[in-house]
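1. missing the sequence, but the structure's below:
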DNA sequence: AACATATTCAACCGCGTACGC
DNA sequence: TGCGTACGCGGTTGAATATGT
């Protein structure tokens, strides 16, 4: 939060502001207004650059600044505005009295972005993420190759290979939800993956067999399916009107376009890929049979 | 309790733009 | 029109703090 006090080559102070500096800046602006920011520090008697003074005033000292936690309503409004405006923090801040662009930007980067990711939404487009499809395809190929190599090297080790396979699937889930080991902000999703983890450990053979539908892997994934089955009502966050400098009509057109795209059956594609990935004939018998069948012909290629 | 790791957020930096000359 | 200056914005940094082991 704080930086070590330092100064640049011109001798101007940098880093955190002291209470004394705050008071000088406050008093000066309340008396004279800020005027030219560049001229202000000299006139007020501060050993700071104008830029630093402006930032301190707009982000901290301004009397109309609202302090404290963002309300749920404010968070939702920011998400809605971001869906329309993108990373235009100043424009977003203009719709939230007392909140600064810096504060909103920080909130977005530390909380809201993760929140959308964990809901399976792309934080840039606010639409369901599709990059999982590529991940699934790539990982599936890598795992298949790893299996062949491992089982050919040591065919008796098939159980460990399958265990690794299962672990890799769980890692993929973690990546999809952007979970960190210490994250406890979104308990429902953590318990969801915890449940999946237990399922992996307790019911590995079944897990590796089934997978026609995401929710069949674990009941918790019914929620996940809901997120990837967007309807006209839930495919996008409620959108609010754009800022005056943008055409509300145009925005409305974009919103409609987005809704149409969202209603495309990308979720079906996802589930097909997911089903393939989870099913994937990954049983012991399959791989033993595969090795029996292909061992001689592939062995020379692998080596 | 001590250490490691993750998160937060105030502040900085660089770039684009508006404006005056 | 071109140039210089000031300002505002968005991305990034990094020390303080929180959380986990």
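-> Ah, there it is. Worth saying up front: this structure is predicted, and the values here are computed from it rather than measured. Numbering: from 1, shown residues only, chains lettered A, B, ... in the order given.

2. Could you break chain A into its assigned domains?
-> In the assignment given by the TED database, the structural domains of chain A cover A:19-61, A:67-151.

3. now those as JSON lines including mean pLDDT, mean neighbour count and distance to residue A:13?
-> Yep, even glycine has a C-beta here, placed from its N, CA and C like the rest. Below are the domains of chain A laid out as JSON lines (pLDDT from 0 to 100; neighbours: other Cβ atoms under 10 Å; distance: least, Cβ to Cβ, whole Å):
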{"stretch": "domain A:19-61", "mean pLDDT": "92", "mean neighbour count": "15", "distance to residue A:13": "5"}
{"stretch": "domain A:67-151", "mean pLDDT": "81", "mean neighbour count": "16", "distance to residue A:13": "20"}
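
4. can you put those in JSON lines and add distance to DNA strand C?
-> JSON lines is the format used below for those (distance: least, Cβ to the nearest atom of the strand, whole Å):
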{"stretch": "domain A:19-61", "distance to DNA strand C": "4"}
{"stretch": "domain A:67-151", "distance to DNA strand C": "3"}
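
5. Residue A:12 is nearest to which of those?
-> Using Cβ to Cβ as the measure, domain A:19-61 is the one of those that comes nearest residue A:12, at 5.1 Å.

6. what about the closest one, how long is it end to end?
-> For domain A:19-61, the first and last residues are 11 Å from each other (Cα to Cα, to the nearest Å).

7. does that domain come close to DNA strand B?
-> Yes. Among the residues of domain A:19-61, A:51-52, A:55-56, A:59-60 lie within reach of DNA strand B under Cβ under 7 Å from any atom of the strand.

8. Format these as TSV; extra columns: secondary structure.
-> Compiled in TSV, the residues of domain A:19-61 next to DNA strand B are given as follows (DSSP: H, G, I helix; E, B strand; the rest coil):
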residue	secondary structure
A:51	helix
A:52	helix
A:55	helix
A:56	helix
A:59	helix
A:60	helix
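
9. which one of the residues you listed is nearest residue A:41?
-> residue A:52 (8.0 Å).

10. How much space separates the closest residue to that closest one other than its chain neighbours from residue A:61?
-> Excluding its sequence neighbours, the residue lying closest to residue A:52 (Cβ to Cβ, 6 or more residues apart in numbering) is residue A:14, at 7.1 Å. Residue A:14 is 17 Å from residue A:61, where distance means Cβ to Cβ, to the nearest Å.

11. Please apply the same query to residue A:115.
-> In this structure, residue A:115 and residue A:61 are 30 Å apart, going by Cβ to Cβ.

12. Could you do residue A:80 as well?
-> Using Cβ to Cβ, we find residue A:80 at a distance of 29 Å from residue A:61.

13. What of residue A:50?
-> Summarising the geometry, the distance separating residue A:50 from residue A:61, computed by Cβ to Cβ, is 15 Å.
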